[in-house]
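1. Provide a 3D model corresponding to the input given below.
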Amino acid sequence: MSEVKISAEPRTEFGKGGARRTRRAGKVPAVLYGHGEKPKHIALPAREFAAAIRHGGANQLFAIEISDGTQALALPKAIQRDPIKDTLEHIDLILVRRGEKVTVDVPVHLAGEAARNTLVVHEQNTLSVSADATRLPESFEVSIEGLEVGSQVTAADVRLPEGVELAADPEQILALVTQAPTAEQMAAEAGEEPTEEAEEEAGAEGPGAEAAEAEGDNQGAPAQAAAQG
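-> Here you go, the predicted model:
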């Protein structure tokens, strides 16, 4: 994965008020830390950072040029978003060096289709690996084409590119192939009630319908007698 160059400014305002002013200016508050260095508070351009993450994923490597003349190579460690607006709220970045190996979680995508009448259960959507900070994979792809009921996809099944080492347990299960439930089982699990048509049909044929019909006949008799009288 290639690194993305991004500019930054030192941040001198702190607290909620300072963070709001930073975001109103189109920037996002961030902290750089790692390698035993004192944490550095910076402000990153929100739109550029969000675009880089969308394109390169959560493990996108950033070459940060700070306006005070310093430079840093860093990876996102934690990204906080507004749960309603889905805007960036705060970013933690960890410093790395070229040639340094880091451990990250990389997304795993399943490709193909399992056998008919099966259900694929995702147990884990990411895989922990160790790799050079400048050569982190964006994602992995594993084929489930034609897998039968009872099949498993484990961490050991993922083909890793050269220079990338598995940091997770090789037996860690990423996906399971199970028997797909029948329509009757799905309805039972959902606790579905009889449809309105079924209820009306049952009511029309039940004892209540006969009682109502008899009551209607009895009510009609006096009216006829009165008319005759």
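
2. what is the neighbour count of the residue nearest to residue 10 when sequence neighbours are not counted?
-> Distances taken as CB to CB, 6 or more residues apart in numbering place residue 68 nearest to residue 10, at 5.4 Å, with adjacent residues excluded. Heads up, the C-betas are built off the backbone N, CA and C, glycines and all. Number of residues near residue 68 (other CB atoms under 10 Å) recorded here: 10.

3. what does residue 36 give?
-> 6.

4. same thing with residue 159?
-> 9.

5. phi and psi next, for the most centrally placed residue in the chain.
-> Nearest to the mean C-alpha position of the chain, by CA atoms, centre = their mean, lies residue 125 at 8.8 Å. Backbone torsions for residue 125, taken as degrees, to the nearest 10, come to phi -100, psi 0.

6. I'd say it and residue 110 touch.
-> No. Residue 125 is beyond contact range of residue 110, at 9.4 Å (criterion: CB atoms under 8 Å).

7. any residues in contact with both of those two?
-> Counting by CB atoms under 8 Å, 6 or more residues apart in numbering, no residue touches both residue 125 and residue 110.

8. for residue 21, helix, strand, or coil?
-> Taken by DSSP: H, G, I helix; E, B strand; the rest coil, the conformation at residue 21 corresponds to helix.

9. and the gap between it and residue 43?
-> Relative to residue 43, residue 21 is positioned 10 Å away (CB to CB, to the nearest Å).

10. so between the two, which is more surrounded?
-> residue 43 (26 against 13).

11. grab the nearest non-local neighbour of the more buried one.
-> Sequence neighbours aside, residue 27 is the residue nearest to residue 43 in space, at 4.1 Å (criterion: CB to CB, 6+ apart).

12. in this protein, which spans are helices?
-> Using DSSP state H, the helices found in the chain span residues 15-24, 46-56, 183-190, 196-205, 207-228.

13. buried sites along the second one?
-> Judged by neighbour count (16 or more other CB atoms under 10 Å), helix 46-56 contains these buried residues: 46, 48, 49, 50, 52, 53, 56.

14. please enumerate the strands of the chain.
-> Using DSSP state E, the strands found in the chain span residues 4-10, 27-34, 37-45, 62-66, 71-81, 88-95, 101-111, 118-122, 126-132, 140-143, 152-154, 165-166, 173-179.

15. between those strands, which gets nearest to residue 188?
-> strand 173-179 (15.3 Å; CB to CB).

16. how does the chain divide into domains?
-> According to automatic domain parsing, the chain is divided into the following domains: 4-96, 103-184.

17. and the first one, how far out from the chain middle?
-> In this case it means domain 4-96. 22 Å (CA atoms, centre = their mean, to the nearest Å).

18. again, but for the shortest one
-> Put simply, domain 103-184 sits 16 Å off its chain's centre (CA atoms, centre = their mean).

19. can you give me the end-to-end distance of that domain?
-> End-to-end distance of domain 103-184: 46 Å, with CA to CA, to the nearest Å as the criterion.

20. any chance of the domains of the chain in TSV with mean pLDDT and distance to residue 191 as columns?
-> TSV is the format used below for those (pLDDT from 0 to 100; distance: least, CB to CB, whole Å):
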stretch	mean pLDDT	distance to residue 191
domain 4-96	93	30
domain 103-184	95	13
